[in-house]
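# Need a 3D model of the following:
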Amino acid sequence: ISVVALLSVLVYIGIRIIISSTASDKSKYKQMLMDWIVAICLLFVMQYIMAFSNYVIGKITGIVCSMTHTNGYYMLIEDEDGKVEEALTEMNYDVSSLKSDGYIVWHTEDLLGFSRMQSQMAKKINTSYAGYALIYIILVLFTCYFIFTYLKRVLYMAFLTLIAPLVAMTYPIDKINDGKAQAFNMWIKEYIFNLLIQPMHLLLYTILVSSAFELASKNMVYSLVALGFMMPAEKLLRKFFGFEKAQTPGLLAGPAGAALM
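This next block holds a predicted model:
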C-alpha cells in the first residue's frame, strides 16, 4: 500500500515539475523529488532500524542484568519447637541440608519471597514485621502494575511497527509544508523512547529496591522511602533524557502511584 501510494506521489511530483513555469517552483518540486527518494529508502530501511534498535536495547538490558545478578537471598530461621522442620518434612524438603548451627537456612530467589518469609517468620508483631509486610505489599502492587504496563507496551510497540510503512509514506508529504517530517520524527522518538523504558526501569528497580533491602534490617523507614522514590526518580529521568515525549505507555504517575500512596 505504501509503495503504491509513494508511486502516486511520484507521478504527482513529476507532473508538477513538467507544468511548473518558474525556476523557484521547479526547485521546490525537485526538492520534493529528493524527499521522495528518502521516503522510498526509509520504507525499506525502517525494518532494519527497528531490528537494530531492539538488538541494542536487548544487549543493554542483558548487561544491566549481568551486573545486577544475585544468587538470591538467604535468611536464618529459628526453629525452637521444631514446627518449621516438621512442615518442611511434610513438603518433602531435605531438612538436613538446610540446617546450620540450630537454624534453618532458607533461600529465596527474589525480593518478594524474601520479604514474605521475613514477615511470616517474625515471632511477634513488631516494627520489623510491619515493615517487611508493607514492603511485600508494595512489591506486589509494583508487580501487578508493571505486568499491565508492559502488556500495553507490547501492544504499543506492535502498533508502531505496523504503521512504520505508512509513516515512511507520509515523509515527502510532511516535508512539503514546513520542510520537517513531523510524523517520522514523532515515530522514531516514540519507538526508541519506549524501547529504552525497559532498561531504565531495570536500573531504577535494582538500585532503589535492592538497596532498600540491604538497609531493611537497619532502617525500615528508609527502605519504604526508597521504594516510594521510584516514582519521582522515574519522572526525573524521563525529563532528563527526553522520555516525556513518549506518551504511551503511562508509567508510575498514574493509578499505580495512587495505589502506592
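# and the gap between the residue most central in space within the chain and residue 108?
In the chain, the centroid-proximal residue (CA atoms, centre = their mean) is residue 198; its distance is 2.5 Å. Distance of residue 198 to residue 108, computed by CB to CB, to the nearest Å: 24 Å. C-betas here are computed from N, CA, C, even on glycine.
# next one: residue 196
On the measure of CB to CB, residue 196 and residue 108 end up 30 Å apart.
# What of residue 184?
When residue 184 is compared with residue 108 (using CB to CB), they lie 47 Å apart.
# Could you do residue 30 as well?
Distance from residue 30 to residue 108, by CB to CB: 67 Å.
# follow-up on the earlier one: tell me which of residue 196 and residue 108 has more neighbours.
residue 196 (21 against 16; other CB atoms under 10 Å).
# where along the stretch 1-150 of the chain do the helices fall?
2-19, 23-68, 83-90, 95-98, 111-120, 127-162 (DSSP state H, counting those that start in this stretch).
# gap between the fifth one and the chain center?
Distance, stretch centre to chain centre, for helix 111-120: 25 Å (CA atoms, centre = their mean, to the nearest Å).
# on that earlier part again, for the helices of the stretch 1-150 of the chain, give me a markdown table that also has mean neighbour count.
Output for those, formatted as a markdown table (neighbours: other CB atoms under 10 Å):
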| stretch | mean neighbour count |
| --- | --- |
| helix 2-19 | 14 |
| helix 23-68 | 14 |
| helix 83-90 | 13 |
| helix 95-98 | 12 |
| helix 111-120 | 19 |
| helix 127-162 | 15 |
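# Lowest average pLDDT across those?
Among the helices of the stretch 1-150 of the chain, helix 95-98 carries the lowest mean pLDDT, at a mean of 71.
# hmm, who's touching it?
85, 88, 89, 104, 105, 106 (CB atoms under 8 Å, 6 or more residues apart in numbering).
# ok so, going back, can you put the helices of the stretch 1-150 of the chain in a markdown table and add distance to residue 75?
Listed next are the helices of the stretch 1-150 of the chain as a markdown table, based on distance: least, CB to CB, whole Å:
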| stretch | distance to residue 75 |
| --- | --- |
| helix 2-19 | 58 |
| helix 23-68 | 20 |
| helix 83-90 | 12 |
| helix 95-98 | 11 |
| helix 111-120 | 6 |
| helix 127-162 | 11 |
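# out of the ones you listed, which comes closest to residue 228?
With CB to CB as the measure, helix 127-162 is the member of those nearest residue 228 (7.9 Å).
# Which strands or helices does that closest one pack on?
helix 111-120, helix 182-204, helix 220-228, helix 255-260 (3 or more CB pairs under 8 Å, 6 or more residues apart in numbering; DSSP states H and E).
# now the last one: mean pLDDT?
Spelled out, it's helix 255-260. 44.
# what's near enough to touch the closest residue to residue 203 other than its chain neighbours?
Nearest residue to residue 203, sequence neighbours excluded (CB to CB, 6 or more residues apart in numbering): residue 64, at 6.1 Å. Residue 64 makes contact with 199, 202, 203, 206 under the criterion CB under 8 Å, 6+ apart.
# ditto for residue 58
Counted by CB under 8 Å, 6+ apart, residue 58 has zero contacts.
# any idea how far residue 193 is from it?
16 Å.
# Check residue 56 too.
As judged by CB to CB, residue 56 and residue 193 stand 14 Å apart.
# overlap in contacts of these two?
With CB under 8 Å, 6+ apart, residue 56 and residue 193 have no common neighbours.
# Please state the offset of stretch 105-117 from the chain centre?
What separates the centre of stretch 105-117 from the centre of its chain is 24 Å, taken as CA atoms, centre = their mean.
# scratch that, stretch 193-203 is what I was asking about
For stretch 193-203 - counting by CA atoms, centre = their mean - the centre lies 4 Å from the chain centre.
# pLDDT of the helix or strand residue 239 falls within, averaged?
Here residue 239 sits within helix 230-240, counting by DSSP states H and E. Mean per-residue pLDDT for helix 230-240: 77.
# buried sites along that helix?
By neighbour count on 16 or more other CB atoms under 10 Å, the buried set for helix 230-240 is 230, 231, 233, 234, 235, 238.
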